[in-house]
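Visitor: following is a predicted model, sequence given first.
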Amino acid sequence: MTYYQITEILHDTLTDSRVDFTTITHGSIEDVDLARQTIFPLAHITPSTATLADKTISFSMNVAALDIVDYNKNNLRDEINPFYGTDNKIDVLSDLITRLQIAVDIIRRKLADRNVAIETSITNTPFVDRFENLLAGWETTLTIIVPNSAVNQGAC
């Protein structure tokens, strides 16, 4: 399985109706026009590392799930329950982690069908207000381990 095939599986999964991201991007997040309101929720794939072992290649990919946080103009002191604040950050984070959990489950099944492994431990790191237009979300690191076809076929 090649890097291209892995990114294709990620793209197809993230657009699956059970996950349903509006936009999928790849590469540097700085190249994405995050000011556009119509692209959210957005999933962004960034390659991290490719580690060559004796008979495998481990591709580490970061998948960022982002959505817009809505704020109201109420004073936090006037809120009935100040725990939730004057925005929907908790809703955004809850929704996006659920989408990512479903996506990882689908990816696991797709890769198992091709005899490819995904590391069992997956790190999800939340972020809020990381970008100038009030976005929040999660960054998930996936490591996909595939057979090294060049080594396994004896090519050099």
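Guide: Sure thing, it's come through.

Visitor: which residues does the top helix by length along the chain contact?
Guide: If you go by DSSP state H, the chain has its longest helix at helix 89-112. With contact meaning CB atoms under 8 Å, 6 or more residues apart in numbering, helix 89-112 is reached by 9-10, 13-14, 16, 18-21, 41, 43, 63, 65-69, 84, 117-118, 122, 124, 126, 128, 136-138, 140, 142, 144. C-beta: built from backbone N, CA, C; applies to glycine.

Visitor: quick one: buried residues of that helix?
Guide: Neighbour counts over helix 89-112 (16 or more other CB atoms under 10 Å) mark 89, 92-93, 96-97, 99-100, 103-104, 106-108, 111 as buried.

Visitor: tell me the one of those nearest Met1?
Guide: Of all the buried residues of helix 89-112, Met1 sits closest to Leu111, with 8.3 Å by CB to CB.

Visitor: tell me which element Ala136 falls in.
Guide: Using DSSP states H and E, Ala136 sits in strand 135-147.

Visitor: with that, I have no additional questions.
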